[in-house]
Structures are given as structure tokens and as C-alpha cells.
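In: My questions concern the predicted model and sequence given below.
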There are 2 protein chains.
Amino acid sequence: MATVTGGKLVYRLAEGSAAMAHLLGSKGAHASEMARIGVPVPDGFVITTTACREYLRLHRLPDGLWEAIVENVHALERGAKRGFGDPNEPLVVSVRSGAAVSMPGMMDTILDMGVTDDTWRGLAAMMGDERPALDAYRRFIQGFGGVVLGIDRARFEERLEAAKAERGLTFDYELPPDALHALIANFKQVIVDATGAPLSGDPWTLLRQAVEAVFASWNNPRAITYRDFHGISHDLGTGCVIMAMVFGNLGLDSGTGVLFTRSPATGERTLYGEFLTNAQGEDVVAGVRTPARIAQLRDDMPDVYAQVEETARKLEGHYRDVQDIEFTVERGKLYILQTRGAKRTAHAAVKIAVDLEAEGVLSRSEAVGRIDAEEVTQVLMPRFDSAAKAEAVAAGRLFAEGVAGSPGAASGAAVFDPDRAVELAGQGFKVILVRHETSPDDVHGIIRAEGVLTAKGGMTSHAAVVTRGLGKPAVVGCEELGFENGSVFARGHVLTEGDMMSIDGATGEVLVGEVSARAPEPDELGDLNTLLAWADDLRRLRVWANADAPDDARRARANGAQGIGLCRTEHMFFDPERLPHVQRMLSVGPQASRLEREAAALREQLVQAPASGRAALAERLAAAEEQVRGAESVRQFHAELAKLEEYQRDDFYGILKAMAGLPVVIRLLDAPLHEFLPHYDELVAETAALAHGGADPDALADKRRTLELVEALRESNPMLGHRGVRVGITMPEVYDMQVRAIFGAAARLAQEGVAALPEVMIPIVSHVNELRRLKPRLAEVARATLEEAGASLEFRFGTMIEVPRAALTAGEIAKDAAFFSFGSNDLTQMTFAYSRDDAEAKFLRHYTETEVLPWNPFESLDTNGVGRLMRLAADEGRAENAALMVGICGEHGGDPRSVAFCHELGLDYVSCSPFRVPVARLAAAQSALGQLVPRTG
Amino acid sequence: MATVTGGKLVYRLAEGSAAMAHLLGSKGAHASEMARIGVPVPDGFVITTTACREYLRLHRLPDGLWEAIVENVHALERGAKRGFGDPNEPLVVSVRSGAAVSMPGMMDTILDMGVTDDTWRGLAAMMGDERPALDAYRRFIQGFGGVVLGIDRARFEERLEAAKAERGLTFDYELPPDALHALIANFKQVIVDATGAPLSGDPWTLLRQAVEAVFASWNNPRAITYRDFHGISHDLGTGCVIMAMVFGNLGLDSGTGVLFTRSPATGERTLYGEFLTNAQGEDVVAGVRTPARIAQLRDDMPDVYAQVEETARKLEGHYRDVQDIEFTVERGKLYILQTRGAKRTAHAAVKIAVDLEAEGVLSRSEAVGRIDAEEVTQVLMPRFDSAAKAEAVAAGRLFAEGVAGSPGAASGAAVFDPDRAVELAGQGFKVILVRHETSPDDVHGIIRAEGVLTAKGGMTSHAAVVTRGLGKPAVVGCEELGFENGSVFARGHVLTEGDMMSIDGATGEVLVGEVSARAPEPDELGDLNTLLAWADDLRRLRVWANADAPDDARRARANGAQGIGLCRTEHMFFDPERLPHVQRMLSVGPQASRLEREAAALREQLVQAPASGRAALAERLAAAEEQVRGAESVRQFHAELAKLEEYQRDDFYGILKAMAGLPVVIRLLDAPLHEFLPHYDELVAETAALAHGGADPDALADKRRTLELVEALRESNPMLGHRGVRVGITMPEVYDMQVRAIFGAAARLAQEGVAALPEVMIPIVSHVNELRRLKPRLAEVARATLEEAGASLEFRFGTMIEVPRAALTAGEIAKDAAFFSFGSNDLTQMTFAYSRDDAEAKFLRHYTETEVLPWNPFESLDTNGVGRLMRLAADEGRAENAALMVGICGEHGGDPRSVAFCHELGLDYVSCSPFRVPVARLAAAQSALGQLVPRTG
């Protein structure tokens, strides 16, 4: 804990500066800074955070503090030529809390301190009106009673409402002096009732209580919750700013306003804000009168406007950023109450950064550093027209609200089945796929849908992850949805197939009917493109994209991707046209592959065998080869493989062509095999229904055969199952086929004069022997395929590092791999033992909400655990193989803080969704600038 | 590859020694050793493995080799006073392969080399009989044709059989000279037919061919397969031993025999073997006459017996181990053909080691080092009476053969359902549980069964692992079993419920009916106990046991366990009496726990809140507490918890009492929750059947409710799911209950004056915060429970390290844990991304068979990957917490090579199945002696 170090506990504004936020709190430091640079702020002083910490430790004001406060109030009196508690010319002050870090609305403020029974008349005289003085008194009692004395605010509000109702009034300011007198008396009684004692009439006593209340407010539940949520230390304490009150309600030459120095919506360089003549700040917030646009001030009070404009530009120039300013005009004189960096939309942020660079305020690297990398996706996404959406909501068309799963906005016809989605999309309809939840075999439907709505799952659910990857909007975890008879219902609306609906993936809103939306055109991204080009000059990490189809690849390239880091081949298998081939391949493959393997083993033995054993071996081999030739399973297997090879060659042709001249890393089949088959549960239910329903025996037998196949491929933990390289080894013909397709496509492109640069990636490797076993075989297939086509091409084989053991033995593996690509999704699953499909709903949300985990490791890399494995693998891999390329292709490749970690590890590239390429480009630059650092925890 | 270094390529026997096995091969080196120490071996010489390697490199005999061979044959001729190819007194030799490592039966031998058309008459004269000389010639041609010329052996056998059939003869030796003449001519024609050339008549030419064939046999398929399987280098090459043939078939003063210097079955110190008068070695193997017991020789040939006995004791003394000896007596003179360490049963091995120590031959540590730690389990297991089993097999009662899953033997009534197993066992029947495969909810049945038989799965299947843990026999993966209508059939037998059957878990045999079996009594283990006591003096690692029940704990203690390293609490939940309570707890728990959590959070906020916020918080808290009080779910939840707490307290009481004075580590609930509920698949099918079968609507509704609960708890990858500490955090009342039960039991024992030493272990930790969150809460529960009972007890909380992230962040975790226990089963699953339930059948068997993996990492620790995590965790944990206890409680704790790794890591203890405690005690001692080393690969 902090202790008093003998330092000053109170600073006059002119003694402080912006650099002293830790001591003075942010509000106090910025008020000091403004005073220091000659911006007109009301006179005042700041009690330090040290004093607050001492108070919290001692449960009383530290020695000497009260004397220092009194001395500083006297200094204020001298400057203002008013007296604190003076009945004729009373000094009135505000007492505000303000910590070093922003905690908006979380702590307490007392205004109008100094208005008492003795002084209100003097204030009224100064104001030239009784009403505002009495109203100030009324407000003071109300604020003091709530904040300092802890009395339920409702008890004051009730009486205020009753007073207005009694007179048929609507607004507080309409209460006449006699009503205010009665209300003040009433409020005083509330205090007596609640505390057993009357409100002190001594302003000094009240001030002392207020300062203690501000300090104590550091530990109110809202503040604690806020700090917990935002990871702010509970040990900082708050500063306390005491300033002379200025009054904007002293006539038509007074007023109050808020402004942004540029438009927070568009970034346009024009003062943007509102002003209310003859009013206090609270009146703006209360919305009792409609404020005027700030431009109006130019006509109404040209002198004041000139002061405002000059001061605004001065502050913007001083802080080198757009400011959000609160000000009051008291009888023609401007006072700035507060200034801070303005919150802005992603669009505005981009324009402002580029403009400030053009104006010479920021360097290019500073401009790049000003943008939240995560936010730039918003610039690229289609959005609903905000007026149209507001209108729809107003018309009662808000259907439901869920989790904002993937940004963007879309309208389309509701469809409840992926096959129907494909069918209707094929007929030219725009569709929204609505599912309880999605799984990998919904992907063909997701691909053809405009967006996805699910009832289950969170930010990391299948639907959210896939749609973010595809750059489509999704609203997920929309638990209020009910499903019945092929329709979905919520809030009294029912949607059946074909009914139009709209989803806003940025807010989680779901609407009935269509809402107009559009995405920005490339030429509308001028400023973003400028900024990204600057980022490209600054970054060291290359940015690649994950793309499974030519369209994705083209989009990735348009967004600046320098290669494809992950081309998944399983999505290609889910196409309804192809799936039957895949299923037949899986039903005969294991048997066929075993026969071929046995023959191959004999063939190899024969080569090595000495004369004495040849004859017997040759006989066995002949028999085995005869069996292979005669087997129906082998014939079917190769027929299906040939068909799939054709499809895959076309897939790869398109992607390699779209990425001509840039590397394309193609991952061989990775998915658990059962994903290509019907759902086991459904099959069981269907079979049972057929069996008990007296169905056609053939249909039942058919269903039973399918069920047997699914049973044979079923696994209790598919994530840890027979997938990736394990299939490549037990059924190598599948990988052979894929490699033939890849190099067949590359050869065709070579003949067309297009530079195809495929690289082959083997997934789920956990032991170097897997790579050693497969690589020579596949390299031979590649070589033979190229030779057959008369093409010549360099090619490389690499591996995913996604199984902990691969990372732990990376040194060994690097000897047989040209590149590593971290599959950080799976690596996170295995390292934590979290099943991504289940964890969120079952316990992970609870973990992040209650801070058992500092963040969701599927959203941002767990640097301590998963990251440690990555560091170890990258370092040890490179130690064994200096030419090793190392990248990442999990979802984390598009997460800014994870990109910063990859930069720190010295990776060669990050690969992410095409839509997140701009995010990664910015994040990589910010990491290189040291402005973005990895998370730890 | 090796190259000739100018060294000798041929050694006379007297020039070599046992230490030269690498150069001479094992057979050659031991023949040399015998010659060196004066044991009578036939004269001879050895061609080195270097010569072989050169031959394989050059594809011809290396320079100078043939000349050296010829010179050495001449030396033999001089010693024997016979001539190679001499028509009157021919020298006859054997040519044998022999590598540095034993490869029994894998390579080739040619006998009777030197018998030709020119010499057979001279040999006949020396033998005093034509028939054996002609038979030797016939055998030579047959062996040479097969081994050297690579002719299918069947072509000779066919003709031999025809010759016997023609004369109505049964045995080869009955063939008269004329028949042998005809057969020899016939065999010669086979060679002409197969090779296009006649057999050479020149013994030198034949010898050269034979040497080349021996060299080439190094690479015959059998040899390659054998070396692949046993991990022997393919680069060693074989030696070639050429010795003068001695003949045991020269009359009644000749003969041949084999002997063990002690009984290989019991270890008794008496010559044990067989002798056949007037016979060659092949005759013993051929089984044409019944050989006499070796003791018979004492009466028949007292001089020879004296020679045999003296030589046997000399060899045993020289090699300091029991020898397996082959010998021939030629006209009263003894020749030792071969000696080697004798294979022996585990019983014999133990007795022999203890006896050799008593005889002063071995030190105690040498005696401990002589036992294969893995084998000692055999000494402890019940076994079938071997005669009874042989009789049953002979009677056609062999039902099927599967994989030997867990050693031991048992008979019982076949039962196909675990509930029926419990029921029938309760009625006093011994039962064998027969299942397609088993899962965790069969455990109550397995516990009550004598043994288990499954159709699926291998050595690491659920059934095998659980039964090995329980010390019950199991035969698994018995794929020939067919199931139909509540019965199992194979090989023409059908067994229905109640039919007696027997399983031999050491051999994989399944028999119809009962076979008598028994386990050794403790006083029969005298020698083993002696040896284990020596081992205990030598080892550093402590040996604990995994035990879930008092009986297990007692058995563990009787077997020498020094503590319980893993007491699993989930098995206790599967008891049919308890399961309904568990299920009801799970159905109301999540809701109840959430309500209680919300109230607790408010309570905590209220403690921290300053005056101003108290009132509102207090109101919210009152409402939340009211809700908790009123909720039926909360009432039911606590009722079920109370019931389960009673059960658990009794469980823990029994175990802690059985282990009085020794530590007992109790793991809190770890299993995925769905394991306590009915199978989803079955429920789906049953619900569908009910729905379509026009069933009682109430029954259907009931089934649907169960289905909903199962659906809510279901996970796509339960191994990576909501289990262990994750349940402890989301539903902490369950862990509270278990901790109350543990310390309630401990307190009761304390009052009875019994020293209970419970330690609490939290499973599936992946982040230190999980421990930080739970430990204070549970420690408070423990403290309060003890206080309430007026007991006082030290207690400790520790954690499993079974998730890779826990190992990677062990330094952090060690700050909050008193001990680490490696859960190496799960750690292996996560590190490899292998689901243990599926991997074996899907790809792991293929991986180990084809050497993609050097061994099954579930059977023996993967030191490079999983072991690296363990080393890192142990080192970094201890660096942060010097008092940290570190142990292992996975199955690997009972695997000798894994124990060696744990010793190397410096762990404090290994914990294994009670039945494997003796294995671990021995392995720990052998590790400390440096005789057992960890695997690498």
C-alpha cells in the first residue's frame, strides 16, 4: 500500500500537468494541463490520489490534508473575489472524483457546494433571479443526500415528482420559488428521517463530508465491478477535483455545450456539437429543451463562437487528437470544463488519422498507431441504413436479440435447412440460414446464405467462427428463439421458410422483413487504403489469408494478402454433388486400402529378399495382387478417388490462379471422417422409426447399412480421433489423390504461363515418423504428376503444429518440414483440454465472466500456455532448420493482440480470414512500432 | 556401412571369447568362451560379422576370406584326423548362422556338410552302419536344397512322405538303405529340375555356397520382420560358425540331449532335461522316440552323467546364471553344442535369483536385477491348473481366442449385462461379464465379475485397463465372438446366460465350462517377498497404489504400497443404489447452484460496499436469498448431496482406516457428467420406439425428460469437456460435499485413535486460477468440518497435472499446490491428441505395428513428448515450491520402463494398481541400480 511520502497532497490547477494523471487523476491532470497552456478553465485545485489511498487506509483524512484544502479554498475565494459561505457573494464549488484511468459514470460528483440557507439569497442576487439559486440549493441537497449520506435517491425523486404533479408541471425548471422553498424543506426532512440529524448549515463541514464521500466512492460496488471487468487495479485510488462553479444559466449571454473538434461519425473537420442558451450542464443531459447545433452559436454569440473555435483548435493541436469538450459560457465568458480524446466510429478514426497526418500533426507511424486494428473490419462490412433500421424497430419489427457473432448486416428469406439454403440460393433467392446450432456439415448451406442465425453458442461457436471466416454476418446464441413445425418464433412474431428477415451481426439484432444495407465500395476505402499502405511499410510480419475457394482467394488478395496460409480441403468435400462420392469412398476405402497395403508390403519385401526367399514371396505377392485386381472395393475406391480428384483439381486450379505468383499452402484432408456422413443420432432415430413403423424392408435395410458405416467411423472424442495425417497413413490413397489434384492443377497453370506456387501441408502431426513415412510417398506422387504433365515446379512439404507433442518435438519435426504453421485453434483445444464446440456454453463463459480465465483463449492467444509451446516450437524448429518458415493459420492470426505475440516470436507470417487481412496488416505494423503488445496472464 | 579394417575375418574357437559377440555373433562367441574355459565343444571356427557385412556390401566374399576358411578347415582336419571330402575318413561339419543378438529360428543352418557320393561309404564305415550315413546324406541334400538353393522345402518333403507311404512306414529313420538310395537320387533330380544343374559333388564348392547362403540369410524376410519387430539394427550382420559334426547315433554309448541346470518351471536346483540314446539332435525335436529324463543317464551312463553334471555346474558358475544346454555324446565322449541363459517362468526366476544369492553367486542387487519386473505379476495371479486346461482343450472345449488383456484366470457363469452381473453376483454366483466392449458405466458389473470377455478393443481398451487395475483377468478383442439373442457363439459352441465358462487372461484363451484355478497364498511368495525386501532397500522412489475401495487399499498395503496416490471418487457414484441420487443431483444442480452463486456474489459485494451502496445491495441480497430458500431445485440438490455425502463418508472411512498412518490422496470428482446418465444413443432409439409404437404417453414423456437432461449434459468431445475442476467451479457444492465427506471420515477415525492422512487432489486443472478460486473455499469447508467434529488434522491440497497447460504453467500452479500428481493417461491423450477409447482400433494398432510409433504411449510413457512436459513441470514446480511432492498416478506408474523415467525425473513416488505394486517396487530398485533405463524415441 502507498504511504504518505511527505509530498504535497493538494495541487492548484496551475501547478499540475497532463503528465501527472497518476497523482492527480485524469480529470485533475487535464484540467491542470488546460490551465497550464492558457485554456480558460474555472479556477480550482486537486486533492491527490495519494491522499485518497491514505484515507482508505486510515479511514480518516490524513494529517494536514484538511488544512491544505481550506488554504486552497481561500485561494479560490481570493481569485473569485467571493467568499465560501459568504451570504452576499458566495463562492460555489463542484467536488468531483477522477481516477488515473477513465471509469465513466462509475464514481460520484457533488455540484453546487456552498449554497446554504445563509448564502442562497446572495447567489440569487448574483444571478439576478431567485429561481435558479433555489434550484441550485435543491439540487445540492439532493446530490449531497444521495452521494454523501447514502440515502436512496428515490426518496428525493418521489418528492420532486409529487411537487411537480401537485402543480401540473412537467419539467423541474418550471417549479416556482415557493414550490422550491417547500421542496427544500421537504428534502431537509428526508435527511433528518434517514440520518436522525439535520443537514449541516456550515459549508466547510459539508465540504469535508463531500471529500470523504468522493474518496469512499472508489470502493462502491459499481466501481469495483467496473474495475474487475476492465482489469484495473483496485489500488490506484481517485483524485478529487474542486473547482469554482460557473453558471450557464445567468441569462441569454450564458449557456452550456458539448462539442467534438471533428465529426465523430465521419471524421469531417468541423466543430460538431450542441449548445443550450441560459442553461446548466445537467439541463443538456436532461433533454428538457432541444439544444442548438454548435454552428448556431456563430450567429447568436459570434464572440463566444470565436473563443470556442480557437480553444477547440488549440486543444486539438495540443493533444494531437480530436477532442470531446464540455464547456460553459457565463455572461459571455467561456470556461472549458473538460476535454478528452473523442470516441469515434471506425470510419471517422481512419479519416481523422489520415487527415492529421496530412495536416502535419501526426507522423505516418503515429497515424497507424491511432487506429484500433480490431475496428477496421467495421469499415469493410455492409451495414444497415441506420434510419431504416430505427424505423423498423419503431414499427415493432425487432424479432429477437442474440450475441453479435460476426459483423455485417444482411436480409434474406428464412431457411431452416442447409440443403434448402443451397437450393433456394441456386434459384436466386437471398437466404438467411436459421439453425438451432450449426456443425461442419451445414457449411455448404452457410456458404450460400447471406447470414446465419442460431439459437445456441457464443462468439466462438461453429456458426460464429465460420461466418467470421467467410465475412458473413451472424447472430448466434439467440436463446429466445423457439422452433416449431418448420418455423421460428419470438416476441409474438412467427417466421416460416421464405419469410424475409434481417440480421445485424454488429449488434445482435434480428428484425422481421428487409432492411436496406450496403457495403462500402473499394474506392470508398481511400483513407483506409492509405493507412494500410503506411502500415505495410512499417510491419515485418507478412500477412496471408485462409481461403478455401477462388472467390475467397481473390478477396484476400484484394484486401492485401501476400499468400494463402491455409487452404482447407474438407470444405470442398461437403458440396452436395460431391458428398455421395466421399461417402462411397469412405465405405469401401478401408478395405481397399488394406488390400493394397498388404500387396505393397510384399512388393517391398521382395525387393530386399535374398534368392532363397524370393520364390515363396513372389507367390504370395502374386496372390495378393490378384486379390487387389479382383476386389470390387478396390475398383470402387479408385473410381471415387478419380472423381474427387477431378473436382479437387478444379478447386485448386481456381485458387492457384487467383493467387498467381504468391504462395498457396494447401492442407491435406484434416476433418474427422464421420463429419462426411449423416448424423448418427438422426440415423438411430430414423432407423428405430422405420423398424417400429412397419416400413419397407428395403428402406430399413438401407438405413441399417448406412448406420453400420456411421457406427464404424464414429468416435467418442472425434477431436482426438482418426483424422488428418492419421487417415493419410492408414488410407494413403486419399492423400495421394489430393497431391495429384494439386500438382495436376499447378501443371495446367504452368502450361498456361501462370506461376502457381502450391505448398503441401500435413495436419495433426504428433510424431516426426508420420511425416517421415508420408513425405517421400507424396513427394513421389507430386514428382510423377508433374513429370506426366511435362511441367517442372519447386514444391515444399510442411506441417501444422497443432498437437502439443508436435510443438514439444519440433526440433525433430523441423528436420523433415520446410515450414511450420501453427494451428492455434486445435493447439488451444489440446493444450487446455477444452473442446471448442462445448466449452463456451458449458463452462468457458462462466470462466471468463468470473475471471477464472483472464480472457477467452479461442479469441486471443493464451500466451503463457499455448504461446509457450509456440515459442518453443519456433525456436527449436529454427535451431534445427535455419530455412524453416514459421507462420500461424488459426483464427488467432486475425486477432490484434495475438498478432503482436506472433511478431514477438519472430514468425514469418500470420494467416487469417480474408476479411481480417486489413486488421492483421494494421496490427502487424502496430506490433512493429511497439504500440501493440501481447497479452499475458 | 562397415568396411574391412584389415582385421582377421576368421577366428578359431580357442581365439575367441564371450566378450566378442559383436564380432563373432553370440553363438560363435559362446562356443569360443566354452572352448576357452575348457568345456568340451566340437572343434571349429567362426567367420566374423564383419565378413558378412562385407559380403552384403560387395555381393561376393571379401578378398582373402575363402583362403582363411580353407586354412581353418585344414586345421580341423588335422585335429580330427579326418579329411574334408576324404572317402575313407571324411570330416563332416555344420555351418550355422549366429548374430550378436538372439534371433531364434530366424536364420539358416546346414548340417552334415561333407557327406557326398564319394564320402558316404567312409562315413558309414566310421558309424558301423549304412543307414545313418545315407540318412545324413539325404538330410544334407534336403537342407542344402532348401537353404542354399532356395528350393521350396515342400518339394523334398513330398517325396520323403511318398517314399514312406510306399513302404507303409511312419518314421524317417525306418527307411531302409535301398529306399534312401532311391530318395537321394530323387532329391538330386529335384535340384536339377529347380536349378537346371546337378548338385556339385565337391564338398569345397558346397561349403562356399553354404557360407554365402548363411550370410544372405541375414536379409531373408523372416529375419527382417523379426528385427523390425524387435527393434534390432539391420546393419549388424551375422557370424557363421563352422564346427566338426559329432554324432550321437553311433551306438548305445552315444546320444543327444538338452538340459536346464535348474528347473525352468520351479527353479529347483536339479538338472532338468531329456536324453535320447543313439540319436542325433534332430531326432529329439522330431519326437520319434520318447526321450528319457536326464536322471536316467545316471543309471545308463554314469561316466557320461558325471561329465554332464560337472560341465553343467561349471557353465552355470561361469555364466552366473541358469543355463540351457544342448549336448551330444559320441561314443562315450561329451560335447557341448550350445549354452545360453535359460528361459524360465516368473516363479522359477524369483527362486533362482534368491537361491543364487544364497549360494554366493549373486549379490542382492544383482539378484534384484535378474528379474523382469513386468513378469512378477504372474507370480501373484491365479492360474489354471495346466493339466486341467490341457484336458479341456483336448476335449474340444476351447471356445475362442482373443487378446490377453489382463493376467489371471477365472471361471464363472456367462452374463451379458452389468446389472445382471451385479444381481447374480449378489446371489452368490461367480460370473464372467461378456460384452461387445465395455464403458465406464459397466464398471459396477466389472467390479462384481470374476473376469471380463470383450469382442472389441486391445491391450489398452477400457475393459483391459479397468481389469488390470482391479487385478481381474480379461480377454479382450476376441473378434470371433458372435452375439445373438442374448447369447454368444464361436467355433460351434453357444453360451447363454448362466452357462459356465473360463477365461485365461495370460494367454487369451476362452473355454467352455469350468477349469480349476488358484492364486498363490502369501506364504507361498516367500522368495518373492525376500526379493522385494531387497528391492525396497535399493530403491529411492516410493511406491503408492491407486485404490478406490477399502479392499483395494488393503490389498495394496499387503503388496507393499506406502500410500494411496489416487483414490477415484467417481467409481463410487456408479453403484446402482447411488446412481439415482447422482442423476437427480445432476438434474437440479446447475439451476440450484446458479441461484446460490448469485446470492453469494451479492453477499460478497455487500461486505466490500461503502455505506452509500449498502441499502440497495441488501435489498437485492434479501430477494436472492428468498429465492434460494424457496427454490425446489435447491432443496432437492442439497437433499441429494446430503445422501451422497453419507455414502462417500463411509467410503472414505474404510479406505483411510485401511491405510492408517499412510497418506491417501483423494481425487475429487473428475468424470464427465454424462457418464452418470443413460446412453444417449439408447435413449434416442428407445424414445423413437416409444413414439412410434403407440406407447403409454406418460412413459414417453418420462423418457423424453431423461433425454432432455442427457442432451443438456452431452458433449461432442467429453474428454475435453465439462469435468473435474470445471464442475468444481461451476457447481462447487459437489466438491464441498466431497470435502465434507473426506474430513468427516477423517474426524471419525481421529476420534477412534486411527491416524487418517487424507490429501485432496483437484483434477483437470489447466490454469492456476482454478486452484486459487477453489482451494480457499474447500480448505474452509475442511476446517469447518473438522472443527464441528472437534478434530484437528493437518491437510493438504494438490493438483493433477494431466492437461498440457498445467505442465506448461507448473511454476505458477506450484505456488498454490502442495503436490503434483501426473495423470499420465490424460496427459498422453492431450499431448498426442489421441482419444484412448478410439485410437487403438482406429489407427494406433496400425501405428505400432508399422512402427510409425516405436511403442504404444498408453502402455509406456512417451518420454520425448509427454515426458518432456513432465520434466518441465517437475523442475519448474519445484523451483517455485521446494516442498512440492511430485508423483505419478496414471497407468504408467506400474510400467517398468516408465518407472525408470520417473526415477530419472526424481519424482517422489509412483502410484499404480495394487496388483502392480510389486512390479513397481522391483522396477524402482532396478532403476536406482541403473539396470532399467527409460525408453527414448
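Out: Nice, I can see it. Numbers count the residues shown, from 1 in each chain, chains lettered A, B, ... in the order given.
In: Can you tell me the centre-most residue of chain A?
Out: residue A:374 (6.3 Å; Cα atoms, centre = their mean).
In: Check the secondary structure at residue A:887 for me.
Out: strand (DSSP: H, G, I helix; E, B strand; the rest coil).
In: and the one residue in the stretch 301-450 of chain A that gets nearest to chain B, how many residues sit next to it?
Out: Residue of the stretch 301-450 of chain A nearest chain B, by Cβ to the nearest Cβ: residue A:439 (8.7 Å). Glycine gets a C-beta too; all of them are placed from N, C-alpha and C. Residue A:439 is flanked by 15 other residues according to other Cβ atoms under 10 Å in any protein chain shown.
In: which ones are touching the residue nearest to the centre of chain A?
Out: Taking Cβ atoms under 8 Å, 6 or more residues apart in numbering or on different chains, we find residue A:374 in contact with A:895-896, A:919.
In: Also residue A:454?
Out: A:402, A:405, A:434-438, A:461, A:463, A:474-478.
In: That one bridge partners, please.
Out: residue A:435 (DSSP bridges).
In: does residue A:544 really touch residue A:909, like I thought?
Out: Yes - Residue A:544 is within contact range of residue A:909, at 5.0 Å (criterion: Cβ atoms under 8 Å).
In: more crowded one of the two?
Out: Applying other Cβ under 10 Å to residue A:544 and residue A:909 shows that residue A:544 carries more neighbours, namely 30 against 26.
In: hang on, that one in a strand?
Out: Yes - the assignment for residue A:544 by three-state DSSP puts it in a strand.
In: ok so, going back, so which of the contacts of residue A:454 sits lowest on pLDDT?
Out: pLDDT across the contacts of residue A:454 is lowest for residue A:461, at 71.
In: Against residue B:381, how distant is the closest residue to that residue other than its chain neighbours?
Out: Of all residues not flanking residue A:461 in the chain, residue A:476 sits nearest, at 5.3 Å (Cβ to Cβ, 6 or more residues apart in numbering or on different chains). As defined by Cβ to Cβ, to the nearest Å, residue A:476 lies at a distance of 56 Å from residue B:381.
In: likewise residue A:704?
Out: Applying Cβ to Cβ to residue A:704 and residue B:381 gives a distance of 42 Å.
In: Pick out whichever of these two has more residues nearby.
Out: Taking residue A:704 and residue B:381 together and counting by other Cβ under 10 Å, residue B:381 has the greater number of neighbours (20 against 14).
In: I'd guessed the more buried one sits against residue B:410; true?
Out: No - the pair residue B:381 / residue B:410 is not scored as a contact, 10.0 Å apart, by Cβ under 8 Å.
In: any shared contact partners between these two?
Out: By Cβ under 8 Å, 6+ apart, the residues touching both residue B:381 and residue B:410 are B:473, B:505.
In: who's in contact with whichever strand or helix holds residue A:531?
Out: Assigned by DSSP states H and E, residue A:531 belongs to helix A:526-538. Residues outside helix A:526-538 that contact it (Cβ under 8 Å, 6+ apart): A:267, A:350-351, A:353-354, A:364-365, A:367-368, A:371, A:376, A:379-380, A:560, A:918, A:921-922, A:924-926, A:928-929.
In: Just the buried residues from the residues you listed, in PyMOL please.
Out: Per 16 or more other Cβ atoms under 10 Å in any protein chain shown, the buried members of the contacts of helix A:526-538 correspond to this PyMOL selection:
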select buried, chain A and resi 267+350+351+353+354+364+365+367+368+371+376+379+380+560+918+921+922+924+925+926+928
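In: Just the buried subset of the contacts of residue A:454, please.
Out: Looks like the contacts of residue A:454 have A:402, A:405, A:434-435, A:437-438, A:461, A:463, A:474-478 buried, using 16+ other Cβ under 10 Å.
In: I'd like to know which of these are part of strands.
Out: Applying DSSP state E to these, the entries found in strands are A:405, A:434-435, A:474-476.
In: Surely the residue nearest to the centre of chain A is within a helix?
Out: Yes - the assignment for residue A:374 (three-state DSSP) places it in a helix.
In: any idea how far it lies from residue A:346?
Out: When residue A:374 is compared with residue A:346 (using Cβ to Cβ), they lie 9 Å apart.
In: Quick one: distance of stretch A:325-341 to the chain centre.
Out: 35 Å (Cα atoms, centre = their mean, to the nearest Å).
In: following the helix or strand of chain A with the lowest mean pLDDT, which helix or strand comes up?
Out: Ranking every helix and strand in chain A by mean pLDDT, DSSP states H and E puts helix A:281-286 at the bottom, with a mean of 62. Sequence order places strand A:292-293 as the next helix or strand after helix A:281-286, per DSSP H and E.
In: Check whether the residue in the stretch 51-200 of chain A that chain B sits nearest to sits in a helix, strand or coil.
Out: Residue nearest to chain B within the stretch 51-200 of chain A (Cβ to the nearest Cβ): residue A:150, separated by 3.9 Å. At residue A:150 the chain is in coil, as set by three-state DSSP.
In: residues in contact with the closest residue to residue A:695 other than its chain neighbours?
Out: Among residues not flanking residue A:695 along the chain, residue A:689 sits closest, at 7.9 Å (Cβ to Cβ, 6+ apart). Applying Cβ under 8 Å, 6+ apart to residue A:689 gives the contacts A:695, B:688, B:691-692.
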